[in-house]
Each structure stands twice: as C-alpha cells, then as structure tokens.
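**Q** sharing a sequence plus its predicted fold:
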Amino acid sequence: MEATEFKHILKAQDEQVCATGVDVWVGMEPTFTQRFAETPEWLNTALGPEKPDYADRLLREVCLRQPGGVVLRTLGRQYGGEDMPRWSFGYYQARQQQFRWDGPPDPLLAPLPEEAAPQVDSEAFWRALNTALLQTGWQSSAFTLEQALPYRVLFRCDGKAAQANVLSKPELTRASVHAQKIPLDGLLDPLAQEGDFLLCLDALPPDAAHPNPSGILIELPALPSVAVFVQLLQAITRAARETAVPSVLMQGFPPPVDASVAWTTITPDPAVIEINQAPEPDAEHFYARCELFYSAARDVGLHPYRLHYNGVVSDSGGGGQFTLGGTEPMGSPFIRYPQLLPRLIRYLNAHPALSYWFAPPSIGSSSQSPRVDENLRESFNELAIALEQLERLENPSAEFIWRSLSPFLVDPSGNPHRSELNIEKLWNPYLPGRGCLGLVEFRAFRMSRSPECAAAIAVLLRSILAMLSTDDKVMALLDHGADLHDKYALPFYMQKDLQAVFADLAQAHLPLHEEIQNLLLQEPVRFLGKAVFHGCYLELHQALEFWPLVGDVASQERGGSRLIDASTTRLQITLGMETHNPIQIEGWEVWVDGYRVPMQVEQDAYGLVKVTGVRYRHFQPMIGLHPGIAARNTVGFVLRHKGLDEALEVTYHEWQPQGLPYPGLPADMEEATQRRNERFICQVVPCDAGIHPKLPPDSAVSAYCLDLRRLSDSLP
C-alpha cells in the first residue's frame, strides 16, 4: 500500500476517535539494534563502545530531517547496580514553529573546519551571557570557582535578586550532575526549587568525544517552564553570536516539556538503542514521527528486528512500549474519565490477546509486563475489591485512582515499572517532577517491524480508550484459570480474541479499517510451515511459552535484566481441509513419537479445524531447570487417516536439517524465510493399519497442549 493511501486510512480512523470527544495522545519507545553484531552491547548489555557513536549518528539524521530544534545531552536511567547514570541524547523542538534554535550547533552538527579552530574565549562568553540574561529582564549574577565548570551564572525570573553567595548557598559549588549518581529520591535541583537557576560552563575540552570545532559546554539547571527555557536559549544565542562561539554543547537537567514541544531522547538499553518518542495528538502524526525514526535508524545501520541463524525473526530485543495520555496532565483521558482506567484493567483481563499477541518473547509473571492475573492470587482478589470501590464513586480524584490501583499494577516482586500497565506517571506524588503527568504506559509490546505496524497499534489503543471512556464492556474481572497460559498460548485463540476486540470497536462505532486489522493480525512472524496431504492440511505456528525465572531472583532485581530458563518452546498444530468439508476432518489425526495428539475441534472462517499445542525442550541451558530432560533437535509429526494406507511424515528441525553450520546471519527477510522453509520437511510414508498409537499419560495432557517433556521418551 502506498504511504499516501495509508495516511488517508489513519486520518479516517483519527476522525472516528475525534467524533467521540475523547482526546488521546500517543507516544512510543522504539528500540533499534545492530542486527549483524554479536558483541555484548548488541546482545544483552546496555552500555558499550559502539552505542554512543550510533546514537550520535542517529540523532544527526533526526536533526537533518527535522531542523530547527536544539540538541541537549541530559541524564538517562540508572539502575541499582550501575555506578553512573546512562547517557541520553535529546532533541527539543517546537511543534508549531513557535520558536527555532538559531544558536550555534551542537558539536555533533557543526561542520569540520578546514584548519584547527581557535580556542573560544570562555570568559568573554560567560560575561556576554550574564549581560544577555539581564537584558531579558531577569536578575543574574556571574561568579567563578576553582573547580570543573568554573564559570557560573545564577539567575532568577521572579524579579528577586540572584545572590551568588557560596557561603549561604553551598549548592552553588555543586559538581556536574553527569559526574555523580542519581539520588534514590530522583534527580532533584534544590536551587531551582527555590527559584535560583544555576548555569555552569567552560570551554569544550580538547579531548571531547566530538573532535569538531571548539565551543562552549553549558550545564543547564531544572527550569520551570517552556517559556523560561526558550528565553534562556535566546540569551545563549545572543551571547554566542557576540563572542563568535562556533558550537555549544548543552547538558544537565532535562528540559521542561508541555504540549507545545516535542522532546525526544536516545538512550542505551540492553542490546538496543532506545528512542523515547515524543507523544503525538493522533495516529496520523504518530505515523509521520515513526517514519522519521525508522528511516533515520535504517540509514545509520540500525534495525527494528533480528534475523537469527536459523531464520527465526524476533524483535530488536528491547521492546516497543506505547504511552498514552493527553495534551497536559488534567487533559489526559485517564483523568477526564475517572472510570477509564478501571474499565481498561477489566478489558485487558478479559482479552488476553491484547497482553500476548504483540508482546516480546518473554511473557507471563516473570516478564517485563505481567498481567494483573499473573500476580499473586491474593493480589488479584484484592484488585477486584479495589475496582468495586472505584465503581461506586462518581468522580474519584486522580490521586485516589492512583492510590487505589498502584499496589496491583506491579510484578510479583512489587516492581511498579514492570507491569502490563505502568501508572508510575499517572498521578504519583512520590515521583518528583514527573509523577503527575496523567500518563499510562502499555508495556506488553515488542518492537514493531515497521512504522505501519506501529501506527496500526496506535490506532487500536486509541480506539479502545475512546470506546471505554464512554462504555463499560466488561463488568467484572475474569478468572481464566489454566486457560490463560494454555489456551491463549496458541495463535489461533489469540486471533479469535482479537477479532472479538475488533467487533467491540465496530459496535461502538469505532470500526478498524481492514488494512489496520490485517497489520494487527499479521504483526508477529509465527508461521513455520504448511503441508497438504489428500486434501487435509497441517500447519505449524510458533506458539507462546511462559518462561520461569531462575536462581537468586532477589539479587537480580537490582540489574536491568534477569535470568530466565527459555529452553522450552511450544508449537501450534492446526489441521483443516483444503476443500472446507467439515465432515471429512473427523477422521484425521496427528501422532508424535508414537502418541496420538489430543486436539480441540474449533471453527474458523472456512469451517471446522483441529487445534492444539505441543511443548518440548529445544536446547539444554547452562543454568536452568530440569537437568534430566533432554533437548530435541527435531520434532516429528505423522498426519494419518484411518482410511489411507499411507501417511505424511512432517519433521520440524530446530536447525539446518543436516546439522550443518550456517554461513552467517541471514542477509534479509527473504533469506530468513528460505532458512525457515528448509527446516520444515515432509515425506509420504507407508502406513500399517495394524499399528495403533499410544495414549499419552494424563500428566502430559492439558486442554490445549501435549507436553512432550512429560513423556518417558524425553529422558536422556
């Protein structure tokens, strides 16, 4: 589909949401990787020698595609086991051209000089900046110290005198925020909280990471508003022009943000580079922003997916969470419609496909996005009471909603960041500066393979919020029991569940365009192979698996990642008739290892089908569970019919069928598909009607799965 046509579809979807009167902004955290690299920083660690250079190049591409903003180097995350904050490169831009950065470029964007550039006069710039601030109408005072970043300017915007007395204000001598750990209570600027704003500056050191023209380094304080920040930028521009400063590197505290600006940051995360994409007012603008980032990443050699040696396609490895809210905190739909969040919790609980279909490979209670019914049983029961209490209140406050639900939107260890719905920034008074933003982060999303897929998800989420803002679709929490990790591990049932969501939206006058539905249903690459035999087909799809944590879980909480046993995998087997004759399918069955596979009879769009899952261990982990269970390189299925003297033998190989090494990673999707196809091998074999299948033990059979690990044949 042409981009123009797709934009028209998005515009029509946005008009439907707009007609409900519900304003929903949507942002994303896309993550990109260097998919041909096999070094730790691109496989499992956050930091490494290559990532800052890739981030620089990515930021440069973004700036060139959307000029007029200003580059800022602020602080990224810091986990308990890390000594220093991670780096964060940001781009600050007005949405409607209210202002443009006309000052000297960041060293990243400055042209290389033909000859060595003269050293800037730091003292002259320092004095000029103080003068420019006074001309703005603010009160400022310049002073120097005998330490790093010696040139300092203290200013106030409220008309009071800026008193630069280090004896009465020892914070004036503070070191760079980039040279110290982030306190446990968050990144705070005590001076700014009192109305004193401290600028610390010096000449760029000669051994700076960017050997471009000389320039000035400015460390910014925590500023109170976009208007103040823009005025400061204008003062910096005037001072730089007066003193012929060729480049300015700005670092320090993150800038103030409101609906008038787009603040985008690029940071490191395990195996990926993450973009914290600025939220957009609708899906059409969201798609335009995604196109920019995806194309910029592609041009610097970064990718939204991985192709593994055997042709398996996975996401980048860092997820692709979505954040929804409003133009400003009180305009958030979660604040304007107090019953929205409770309704959303019940709706997600009722539709496991929304938790699993788009999720990264690691799902379940041990994952980065567990559902509320994957927490402790006692917690789930108490959540039901909390939702009942909220239902009885006509207009609960934002803080009351947060206090009522935050204890339940956590993982089993109590971590509020790891939850399917992260409401840390909804209305959290204990998270200074960023806790009361009216935001909800949807974490159960893998990185989308294309901007079109990302935009389709944005349409889905915005439409669901618009629907639930005015209509309660699910009145109580559902206890799925064993079906949650059994039935909904299979793509067949997840797709049926998504179709039910689509039907709800259509009933609410928010129907999804057919192209949007197709993108949503086809997003993950799960198809493994199809064989047709005497009019009956057998399809294999990659199903989901719920991997457990391993080892000393408590000690792993301090890090950015935890150890799981991912050695178990699950396949979905589907039988159907090419001629779609519902009577014929009854005589067909599948055997594996001499056992007949129990299957569920279901209805799809064309007729009756048989469906089930098969679990097995597909590699032997160095550290994991069940050391006595052998790993399988292949799984062999036999498709039989009692009226035939021949059968179809289907062998699925985990690796190259001859056990040969691959020459390297697949060059592209086409080669990855070829490698997957060659692992799915079929042959017709004679069938002895006198041989009967064994019945698997009850312990190996659930309603929707046969667990090969529990057969006696699985022992080494």
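**A** Good, I have the coordinates.

**Q** so residue 640, which of the three states?
**A** strand (DSSP: H, G, I helix; E, B strand; the rest coil).

**Q** neighbours of it, just the number please.
**A** Neighbourhood size, residue 640 [other Cβ atoms under 10 Å]: 24. C-beta here means a position set from N, CA and C on the backbone, and glycine is covered the same way.

**Q** repeat for residue 165
**A** Residue 165, neighbours per other Cβ under 10 Å, totals 11.

**Q** before we move on, what about residue 125?
**A** Residue 125 has 25 neighbours, counted by other Cβ under 10 Å.

**Q** that one belongs to a helix?
**A** Yes. According to three-state DSSP, residue 125 belongs to a helix.

**Q** begin at 27 from here
**A** Noted, 27 is the first residue going forward, which turns the last one into residue 151.

**Q** measure it to residue 204 for me?
**A** Per Cβ to Cβ, to the nearest Å, residue 151 is found 20 Å from residue 204.

**Q** doesn't residue 421 belong to a strand?
**A** No. Using three-state DSSP, the assignment for residue 421 is coil, not a strand.

**Q** give the contact list for the residue lying closest to it once chain neighbours are set aside.
**A** Leaving aside its sequence neighbours, residue 421 sits nearest to residue 364 (Cβ to Cβ, 6 or more residues apart in numbering; 5.9 Å). Taking Cβ atoms under 8 Å, 6 or more residues apart in numbering as the contact definition, residue 364 lies against 416, 419, 421, 422, 423, 424, 427.

**Q** how would you label residue 30: helix, strand or coil?
**A** helix.

**Q** what is the neighbour count of it?
**A** There are 7 residues near residue 30, going by other Cβ under 10 Å.

**Q** so who does residue 679 touch?
**A** Residue 679 makes contact with 659, 660, 705, 706, 707, according to Cβ under 8 Å, 6+ apart.

**Q** how about the strands in the stretch 227-376 of the chain?
**A** With DSSP state E, counting those that start in this stretch as the criterion, the stretch 227-376 of the chain has strands at 242-246, 274-278, 287-295, 298-302, 331-333, 339-341, 348-351.

**Q** give me the beta-bridge partners of residue 58?
**A** With DSSP bridges as the criterion, residue 58 is bridged to residue 299.

**Q** that one contacts residue 342, doesn't it?
**A** Yes. Assessed by Cβ atoms under 8 Å, residue 58 is found in contact with residue 342 at 5.7 Å.

**Q** intersection of neighbour lists for those two?
**A** Jointly contacting residue 58 and residue 342 under the rule Cβ under 8 Å, 6+ apart are 298, 329, 330, 473.

**Q** out of the residues you listed, the closest to residue 78 would be?
**A** Closest to residue 78 out of the shared contacts of residue 58 and residue 342 is residue 298 (13.8 Å), distances taken as Cβ to Cβ.

**Q** look up the closest residue to that closest one, ignoring the ones flanking it.
**A** residue 344 (3.3 Å).

**Q** residues contacting that neighbour?
**A** Applying Cβ under 8 Å, 6+ apart to residue 344 gives the contacts 57, 58, 59, 295, 296, 297, 298, 300, 473.

**Q** what's the local residue count around the first one?
**A** Think residue 57. Residue 57: 25 neighbours (other Cβ under 10 Å).

**Q** quick check, residue 333 in contact with residue 699.
**A** No. Using Cβ under 8 Å, residue 333 makes no contact with residue 699, being 9.8 Å away.

**Q** ok, those two, which is more surrounded?
**A** Taking neighbours as other Cβ under 10 Å, residue 333 and residue 699 compare with residue 333 leading, 22 against 16.

**Q** who's the more buried one bridged to?
**A** On the basis of DSSP bridges, residue 333 is bridged to residue 339.

**Q** mind checking how far it is from residue 340?
**A** For residue 333, the distance to residue 340 (Cβ to Cβ) stands at 8 Å.

**Q** what touches both of the two?
**A** Here residue 333 and residue 340 have no joint contacts, going by Cβ under 8 Å, 6+ apart.

**Q** next secondary structure element downstream of the helix or strand bottoming out on mean pLDDT in the chain?
**A** Within the chain, no helix or strand scores below helix 579-582, which has a mean of 58 by mean pLDDT, DSSP states H and E. Remark: after helix 579-582, the chain's next helix or strand is strand 594-603, criterion DSSP states H and E.

**Q** go through the contacts of residue 679 and flag which are in strands.
**A** Those of the contacts of residue 679 mapping onto strands are 660, 706, 707, per DSSP state E.

**Q** in a helix, residue 520, correct?
**A** Yes. Counting by three-state DSSP, residue 520 is found in a helix.

**Q** show me where the stretch 27-176 of the chain has helices.
**A** 29-45, 66-69, 77-91, 148-162 (DSSP state H, counting those that start in this stretch).

**Q** the stretch 427-576 of the chain: helices as residue ranges?
**A** For the stretch 427-576 of the chain, the helices defined by DSSP H, counting those that start in this stretch cover 477-496, 509-512, 517-533, 540-548.

**Q** let me fix that, I meant to ask about the stretch 627-742 of the chain.
**A** Using DSSP H, counting those that start in this stretch, the helices of the stretch 627-742 of the chain run over 695-704.
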